[in-house]
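Colleague: sequence and predicted structure below; questions after.
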Amino acid sequence: MYVLPGRVRGLIRRGNIDLLGRPVVRNPDGSISTVRSISVTDEQGRVILLPTVVGNRVVSNNQAIQHWRRTGQNLGVFRNEQLADSYARMLHDQQARYYRP
């Protein structure tokens with residue numbers, strides 16, 4: 001499983017998804033999506049970063065949450081939403097470099 005190198009600020013628990021084996025969804029504008037994500041807050045106030053690319057398609061936020069509840073798959077658990085969003089941006093940039101032709 002690939003995670004950005006070094007320590008990730010605010011990370012409570014690493015994600016459990018293979019970032020190098022993500023499905024690649026081709027968007028109508030020619031771009032791709034691999035780690036498009038949303039964040040949700042659990043009962044303990046932790047913020048979980050969830051992928052909205054599930055299977056080989058982009059799903060709604062509700063479908064992403066349902067998928068997480070069924071499978072537990074996530075991109076990481078964070079202390080707050082700002083730190084989760086910061087990681088999501090870094091992850092997006094890392095994936096863009098990885099999948100760039």
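Modeller: Structure received. Numbers count the residues shown, from 1 in each chain.

Colleague: show me where this structure has its strands.
Modeller: Under the criterion DSSP state E, the chain contains strands at 11-14, 25-26, 32-33, 37-41, 47-51, 53-54, 57-58, 76-78.

Colleague: give me the sheet partners of the last one and which way each runs.
Modeller: In the sheet containing strand 76-78, its partner strands are strand 11-14 (antiparallel), strand 47-51 (antiparallel), by DSSP bridges.

Colleague: ok, residues contacting it?
Modeller: 8, 10-15, 39, 46-49, 84, 87 (Cβ atoms under 8 Å, 6 or more residues apart in numbering). For every residue, glycine as well, the C-beta is placed using N, CA and C.

Colleague: now these: which count as buried?
Modeller: Buried residues within these, counting neighbours by 16 or more other Cβ atoms under 10 Å: 8, 10-11, 15, 39, 47-49, 84, 87.

Colleague: before we move on, back to that, I'd like the strands paired with strand 76-78 written out as CSV, with mean pLDDT and distance to residue 58 added.
Modeller: Below are the strands paired with strand 76-78 laid out as CSV (pLDDT from 0 to 100; distance: least, Cβ to Cβ, whole Å):
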stretch, mean pLDDT, distance to residue 58
strand 11-14, 94, 24
strand 47-51, 97, 10
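
Colleague: so which of the strands of the chain gets nearest residue 68?
Modeller: Closest to residue 68 of the strands of the chain, according to Cβ to Cβ: strand 47-51, at 4.9 Å.

Colleague: chain neighbours aside, what residue packs nearest to residue 9?
Modeller: Excluding the flanking residues, the one nearest residue 9 by Cβ to Cβ, 6 or more residues apart in numbering is residue 83, at 5.8 Å.
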